[in-house]
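Asker: following is a predicted model, sequence given first.
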Amino acid sequence: MLSWILLAILILLLLGAHEGRPNEAAACGELALVLARELQLKKEQASVLNDLSLVYLYGGRPERAREVLHEARGLL
């Protein structure tokens with residue numbers, strides 16, 4: 001059940017990013033990341049972090065984008 005919730009939140013992240021709402025997309029991504037961590041889903045954590053890096057980059061936060069990419073790399 002929680003994996004479906006995680007998927008739904010990821011979809012919201014991607015929709016928010018696509019529609020030019022980086023703050024909302026980042027909030028969805030951070031929530032998805034919390035769930036992926038609680039479920040100990042490393043692959044999903046890395047995927048969320050990768051998506052978040054794009055949201056942060058295009059949202060004008062390149063340093064945060066770099067941080068989450070570094071964290072994603074550590075999970076693989």
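Answerer: In hand now; what should we look at?
Asker: please count neighbours and contacts with C-alpha atoms only from this point.
Answerer: Will do.
Asker: surely Pro62 meets Leu52?
Answerer: No: at 11.0 Å, Pro62 does not count as touching Leu52 under the criterion of Cα atoms under 8 Å.
Asker: who's more crowded, these two?
Answerer: Leu52 (28 against 14; other Cα atoms under 10 Å).
Asker: how about the helices of this protein, start to end?
Answerer: In the chain, the helices defined using DSSP state H lie at 2-18, 22-38, 42-58, 62-75.
Asker: just send the ones you listed back as JSON lines, with mean pLDDT too.
Answerer: Below are the helices of the chain laid out as JSON lines (pLDDT from 0 to 100):
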{"stretch": "helix 2-18", "mean pLDDT": "73"}
{"stretch": "helix 22-38", "mean pLDDT": "89"}
{"stretch": "helix 42-58", "mean pLDDT": "92"}
{"stretch": "helix 62-75", "mean pLDDT": "96"}
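Asker: need the winner for burial among the ones you listed.
Answerer: helix 42-58 (a mean of 21; mean count of other Cα atoms under 10 Å).
Asker: for it, the distance to its chain's centre please.
Answerer: Distance of helix 42-58 from the chain centroid (Cα atoms, centre = their mean, to the nearest Å) equals 4 Å.
Asker: helices or strands up against that helix?
Answerer: Using 3 or more Cα pairs under 8 Å, 6 or more residues apart in numbering; DSSP states H and E, the elements in contact with helix 42-58 are helix 2-18, helix 22-38, helix 62-75.
Asker: contacts for the second one next, please.
Answerer: Looking back up the chat, that one is helix 22-38. Under the criterion Cα atoms under 8 Å, 6 or more residues apart in numbering, residues 2, 6-7, 9-10, 12-17, 42, 44-45, 48-49, 51-52, 55-56, 58-59 lie in contact with helix 22-38.
Asker: could you check how far it is from the centre of its chain?
Answerer: A distance of 5 Å separates the centroid of the chain from that of helix 22-38, by Cα atoms, centre = their mean.
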